[in-house]
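A.B. asks: Kindly return the folded structure for what I paste below:
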Amino acid sequence: MTTPIALPVASPFRRWWILAFISIALFGNYYVYDSIAPVADLLQQGLGFSDTQIGMLNAIYSLPNIAMVLIGGMLVDRFGAALVTLWTAALCLAGALLTAVGSPFVVMAMGRLLFGLGAETMIVATLVALGHWFAGHRVALAMAISVSVARAGSYAADLSPSLAKSLYDQGWQAPLVLAAGFAAVAAAAVVAYWWLDARGAVRAAAPPPAAERFVWADLWRFDRSYWYLLAVCVLYYSAIFPFRSTFAIKYFQHAQGLTLEAAGLMNSYVFLAAIFATPAFGWLTDRIGRRALLMALGSCLLAASFVLLSATTGHLGVATTLIGISFSLVPAVLWPAVSLLVEPHRLGTAYGLMTLLQNVGLAICNVFAGWLNDLYNAGATHPAGYQPMLWFFGSLGVLSCGFGVGLWRRERGPQGHGLEVVTRPTVPGDGASPGG
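C.D. replies: All right, here's what the predicted structure looks like:
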């Protein structure tokens with residue numbers, strides 16, 4: 001028997017509270033993900049981990065999502081975003097707790113594997129939830145606000161060596177216990193979101209459309225613009241996350257001569273900028289369109305930042321500023337653009353496929369970057385060994401920019417989907433559609 005679809009009732013009050021709880025959950029999610037970089041040096045000192053092993057801790061987060069996140073997107077389309085978010089938040093909490101147990105390496109790796117199993121599907125589910133509740137208008141602003149609060153979680157993780165210095169003075173484990181505490185806060189916020197969503201949903205009398213029955217061949221029926229967008233996503237995040245969330249703090253310490261606290265602070269500026277600039281870019285996108293052009297610009301800024309880092313040790317602030325602008329601009333434009341390219345009942349699958357391939361890129365690039373560092377003996381005694389890693393990440397940024405330009409050219413033509421124009425509200429008032 002087919003379960004009727006749960007459709008959100010158009011209530012601005014409930015909609016913004018749901019955004020608040022989703023944002024808090026993403027704050028905790030991102031804090032846990034970024035909790036590895038600040039303890040990377042402590043893991044080497046206390047447990048003797050190599051750069052390859054440290055890269056593996058974030059790579060193994062991505063491994064289950066190579067298969068599971070697409071399945072997770074299908075589950076979202078089948079069972080609803082709220083229920084899937086609830087399941088995955090529980091997995092995230094369990095994974096964070098196991099990571100904090102830590103030694104030996106296999107235990108910590110299993111914790112990151114379990115956390116990754118839940119975290120990326122949870123992000124897909126929240127994107128679909130916001131796409132439904134804010135359908136028709138303000139969706140870019142809503143997603144940008146959620147991303148902004150999520151970035152605040154990463155910002156807090158970067159600042160944690162200073163804000164929680166007493167924990168870091170105890171070694172590698174206490175900071176990871178703190179991360180598990182943030183995972184518990186995220187789980188509590190998800191419960192609140194699930195409760196609000198359940199109270200604000202009505203069951204449609206009609207059965208779901210036939211398109212909800214997934215057929216593998218349907219994956220290849222997404223429009224070419226979607227595939228351009230997917231390529232931008234995979235290449236962009238394969239460059240910025242392995243650098244910023246795994247190796248940046250070590251690089252700043254060893255190649256730029258910063259202390260752990262100063263390196264964490266410098267890395268945090270990227271997310272500090274994103275906290276404020278991402279909603280501004282989301283608002284701007286809703287007002288002017290030009291989504292593909294803005295994505296191409298953001299990717300080019302990322303590539304330029306790596307060129308600058310590899311060329312000199314004297315302009316760290318400028319390079320960090322470029323990364324911050326890029327990291328504020330691209331996510332504010334990219335994720336809402338999917339809702340313009342894909343039918344609402346296929347959003348879960350579309351986001352799931354993007355996240356699947358994104359995690360393939362993250363897994364490969366985390367390990368490959370760590371391997372490059374080990375191969376070229378990157379470290380405090382040989383800072384030049386980080387150069388191959390920087391050129392690798394810069395090349396990914398250039399490729400991402402190229403696909404962004406390809407998307408821009410396609411969307412300017414008759415086969416465009418409105419990425420380059422202003423999205424108009426579907427109904428008067430607050431701009432919400434009857435379904436969202």
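
A.B. asks: Wait, Leu93 touches Phe182, no?
C.D. replies: No: in this structure, Leu93 sits apart from Phe182 without contact. The criterion is Cβ atoms under 8 Å, and the distance is 9.9 Å. C-beta here means a position set from N, CA and C on the backbone, and glycine is covered the same way.

A.B. asks: Low-confidence regions, this protein specifically.
C.D. replies: Flagging of the chain using pLDDT under 70 yields the residue ranges 1-12, 65, 135-137, 200-220, 312-314, 417, 422-436.

A.B. asks: All the strands of it, in order from the start?
C.D. replies: If DSSP state E is used as the criterion, the strands of the chain fall at 6-8, 201-203.

A.B. asks: Just the CA trace of stretch 371-387, in CSV.
C.D. replies: Once non-C-alpha atoms are left out, stretch 371-387 reads as follows in CSV (Å, rounded to 0.1, in the frame of the first residue of the first chain):
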residue,chain,number,x,y,z
TRP,A,371,49.7,11.1,0.0
LEU,A,372,51.2,14.0,-1.8
ASN,A,373,52.3,15.6,1.5
ASP,A,374,53.9,12.4,2.6
LEU,A,375,55.5,11.8,-0.8
TYR,A,376,57.1,15.2,-0.8
ASN,A,377,57.9,15.2,2.9
ALA,A,378,55.7,18.2,3.7
GLY,A,379,56.2,19.5,7.2
ALA,A,380,57.7,22.1,9.5
THR,A,381,61.2,21.1,8.3
HIS,A,382,60.2,21.1,4.6
PRO,A,383,57.4,23.5,4.0
ALA,A,384,58.0,23.4,0.2
GLY,A,385,56.6,19.9,0.3
TYR,A,386,53.1,21.4,0.5
GLN,A,387,53.4,22.9,-3.0
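
A.B. asks: what residues does that stretch touch?
C.D. replies: Identification of contacts with stretch 371-387 by Cβ atoms under 8 Å, 6 or more residues apart in numbering yields 50-52, 55, 247, 251, 253-255, 310, 388-389, 392.

A.B. asks: and those residues, which are buried?
C.D. replies: Buried by 16 or more other Cβ atoms under 10 Å: 51-52, 55, 247, 251, 253-255, 310, 388-389, 392, out of these.

A.B. asks: which one of those residues is nearest Glu420?
C.D. replies: Using Cβ to Cβ, Phe392 comes nearest to Glu420 of the buried ones among the contacts of stretch 371-387, at 31.4 Å.

A.B. asks: on that earlier part again, what residues are shared contacts of Leu93 and Phe182?
C.D. replies: When contacts are counted by Cβ under 8 Å, 6+ apart, the set common to Leu93 and Phe182 is empty.
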